[in-house]
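Student: structure of the sequence below:
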Amino acid sequence: MKAGEFCYAYEPADVPGDDLQYHGNYAALELALAAAIEDIRKERDTVVRLEGVEPDEDCVKPQRILIGILRAPVAPEDLVDAAAVFEIVANHEDYTSEDDWFPWDGLDAKDPRREELTAEISKTIAAWMDKHAMRPTFFRLEDGIKEFTEAEAAATLEFGVQ
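Tutor: From the prediction side, this is the model:
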């Protein structure tokens, strides 16, 4: 999978859910739609063959297809900064009673010393994660997921992206 590519999920059109599993990584929306339709058809054929049901019964309902764009998660080293470290120290029991001793109280976000500490923390976390191969290997979905009914998906593939 690569960031910026399309993926799909589908579910019964009348039973929306929040726990969808997205599949694939496609360079274009049309490719993701075509793969989703193919998956739905294969699933229906399997249900019809194995369970001996007619294609119009409840177990093979029309599907709602969702297309999303993959993005990498925020890098872990970008989530910790000097302010987070200062907060941890300030909340430790050894420091909670020493109201007068917080040398960083006057450091605003643009203070070069604070920026320096943030840069060092980020660099250390990044190097450690790289050394131990602990980078995230998953992707998140960008906002703005497109939703299609099966009929809309088929029309989109036939006549072009809407």
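Student: and the helix or strand containing A32, how far out from the chain's middle?
Tutor: Element membership of A32, judged by DSSP states H and E, is helix 29-51. Offset of helix 29-51 from its chain centre (CA atoms, centre = their mean, to the nearest Å): 24 Å.
Student: that helix: what's the following helix or strand?
Tutor: Immediately after helix 29-51, counting by DSSP H and E, sits strand 63-71.
Student: name the helices or strands packed onto that next one?
Tutor: Packing partners of strand 63-71 (3 or more CB pairs under 8 Å, 6 or more residues apart in numbering; DSSP states H and E): strand 6-12, helix 29-51, strand 140-141, strand 146-149, helix 150-159. The way it works is simple: take the backbone N, C-alpha and C, and place the C-beta from them, glycine included.
Student: can you spell out the domain ranges of this protein, please?
Tutor: With domains defined by automatic domain parsing, the chain comprises 6-73+137-159, 76-131.
Student: pick the most deeply packed of those.
Tutor: domain 6-73+137-159 (a mean of 15; mean count of other CB atoms under 10 Å).
Student: could you dump the helices and strands packed on strand 63-71 to a markdown table with distance to Y95 and mean pLDDT?
Tutor: Supplementary listing: these in a markdown table, determined by distance: least, CB to CB, whole Å; pLDDT from 0 to 100:
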| stretch | distance to Y95 | mean pLDDT |
| --- | --- | --- |
| strand 6-12 | 47 | 82 |
| helix 29-51 | 52 | 84 |
| strand 140-141 | 36 | 79 |
| strand 146-149 | 51 | 85 |
| helix 150-159 | 59 | 79 |
